[in-house]
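**Q** Take a look and give me a structure for this.
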Amino acid sequence: MSTFVDIKYLNLMSHRLQRFSKKGDYLWNFRCPFCGDSKKNKSKARGYVYRTKNDLFYKCHNCSKGTNLANLVLEVDESLYKEYLVERYKEGSTANGRGGNVKNPEFNIPKPVFIQKDVLSKHKSFRELGQNHPAVQSIEKRLIPQNRYNDIYLVDKFFTWTNELIPNKFKDLTNDHPRMVIPFRDVDNKIFAYQGRAFGEEQPKYITIVLDQNHKKIFGLDRLDDSRNIIIVEGPIDSLFLPNCIAVAQGDLRLPQYKGKSTLVFDNEPRNREIVKNIEKAVEEDYSVVVWPKYVKEKDINDMIMGGRTNLEISDIIHKNTFSGLEAKTQLSNWKKV
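**A** Model (predicted):
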């Protein structure tokens with residue numbers, strides 16, 4: 001209950017917090033109201049609210065101010081502070097003065113990396129690793145275009161590194177392991193998310209981390225030309241083989257902002273109920289979708305490439321098998337096997 005109340009009042013005063021944004025589960029970021037944050041760069045926001053047990057706490061990585069949410073509310077909006085105390089402590093806890101008997105926490109969380117910078121600058125790209133590196137050899141087998149190697153990275157300890165960016169994202173570091181990391185960049189080339197792909201049998205195989213909740217999980221925005229038809233697929237790796245292609249890192253490919261100028265390319269799995277359901281939803285909403293012809297046996301774009309098909313051949317198959325409306329329903333009915 002206390003967490004719910006804290007979040008409620010944090011949101012109520014959010015309009016008073018400059019550059020307020022949600023960065024992850026129980027993690028918010030804004031310019032520090034105590035020190036005013038950077039005087040030289042108004043885009044910097046180094047104040048963070050995060051959860052410990054059932055309470056929210058505040059920490060500034062500019063002035064090092066650390067306190068409970070009660071003191072933050074008092075600093076930002078004194079009139080709201082009184083309402084907060086009544087609701088927050090009506091269950092029996094009391095607060096006296098500036099935050100009362102709520103104990104200030106010990107602050108030993110890692111300092112977050114600001115996403116205005118390239119968060120992968122300390123890690124080597126696959127181009128830097130060289131062709132003899134085992135990680136590079138693993139993706140060579142998948143025939144990933146070598147001109148993409150400069151923006152695919154090796155992170156030796158994926159969980160530990162992620163916790164440096166989002167404190168306490170992974171509680172258990174026992175089975176930390178290396179992953180191939182593909183950054184999601186916005187139109188200004190800034191990283192707002194990334195996907196880590198396991199090299200071995202680690203599960204889940206793909207882990208997508210969002211650093212800025214103001215962005216949707218869309219890979220390829222930095223290369224997108226929205227004046228042309230857009231191809232939308234599920235996996236970032238698949239998108240590397242097709243022109244003007246983006247990926248959404250989830251099964252539902254519908255993006256309303258691109259409706260009418262995009263083609264949705266779902267995986268070729270006619271027995272997968274979730275995929276069939278997502279295609280049916282897209283068709284009902286009049287999206288253009290690809291219904292794979294019977295002679296295509298591979299599951300996804302990367303498998304087609306590994307099976308010997310060329311990028312041009314796959315693009316031609318997509319073009320010739322794109323449907324919408326009643327025609328899409330008919331083709332889908334013949335394709336699905338669930």
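
**Q** Which strands and helices lie in contact with the host helix or strand of L72?
**A** L72 belongs to helix 69-76 when assigned by DSSP states H and E. Counting contacts by 3 or more CB pairs under 8 Å, 6 or more residues apart in numbering; DSSP states H and E, helix 69-76 is packed against helix 2-12, strand 55-60, helix 78-88. (C-beta placed from N, C-alpha, C; glycine too.)

**Q** what's the angle between it and strand 55-60?
**A** Orientation check (axes from the mean of the first three to the mean of the last three CA atoms, to 10 degrees): helix 69-76 against strand 55-60 gives 50 degrees.

**Q** If you average the pLDDT over helix 69-76, what comes out?
**A** Per-region confidence: helix 69-76 scores 91 on mean pLDDT.

**Q** So which other helices or strands are in contact with the worst-scoring helix or strand of the chain on mean pLDDT?
**A** The element with the least model confidence among the helices and strands of the chain, by mean pLDDT, DSSP states H and E, is helix 78-88, at a mean of 85. With contacts taken as 3+ CB pairs under 8 Å, 6+ apart, helix 78-88 sits against helix 2-12, helix 69-76.

**Q** helices or strands next to the longest one in the packing?
**A** For helix 2-12, the contact count by 3+ CB pairs under 8 Å, 6+ apart identifies strand 55-60, helix 69-76, helix 78-88 as packing neighbours.

**Q** Enumerate the positions of that helix that are buried.
**A** Residues of helix 2-12 classed as buried by neighbour count (16 or more other CB atoms under 10 Å): 2, 5-7, 9-10.

**Q** Just give the strands next to whichever helix or strand comes after it in its sheet, each with its orientation.
**A** Secondary structure here is assigned by DSSP H and E; on that basis, the next helix or strand after helix 2-12 toward the C-terminus is strand 21-24. Sheet partners assigned to strand 21-24 using DSSP bridges are listed as strand 27-30 (antiparallel).

**Q** After the strand it pairs with, heading C-terminal, what element do we hit next?
**A** Towards the C-terminus, the helix or strand next in line after strand 27-30, according to DSSP H and E, is strand 47-52.

**Q** That following strand pairs with which strands?
**A** When pairs are called by DSSP bridges, strand 47-52 turns out to pair with strand 27-30 (antiparallel), strand 55-60 (antiparallel).

**Q** Let me see the mean pLDDT of the longest one.
**A** Regarding strand 55-60, the rounded mean pLDDT is 89.

**Q** sorry, back to before: out of the strands paired with strand 47-52, which comes closest to V283?
**A** When these are ranked by distance to V283, counting by CB to CB, first place goes to strand 27-30 at 37.7 Å.

**Q** And the strands paired with strand 47-52: which comes nearest P270?
**A** The stretch from the strands paired with strand 47-52 with the least distance to P270 (CB to CB) is strand 27-30; that distance is 40.2 Å.

**Q** ok so, going back, pick the one among the buried residues of helix 2-12 closest to E78.
**A** The shortest separation between E78 and any of these is 12.8 Å, and it belongs to Y9 (by CB to CB).

**Q** per-residue confidence for the closest one?
**A** For Y9, the model assigns a pLDDT of 91.

**Q** Not counting sequence-adjacent ones, nearest residue to it?
**A** Using CB to CB, 6 or more residues apart in numbering and skipping the chain neighbours, the partner closest in space to Y9 is Y84 (4.7 Å).
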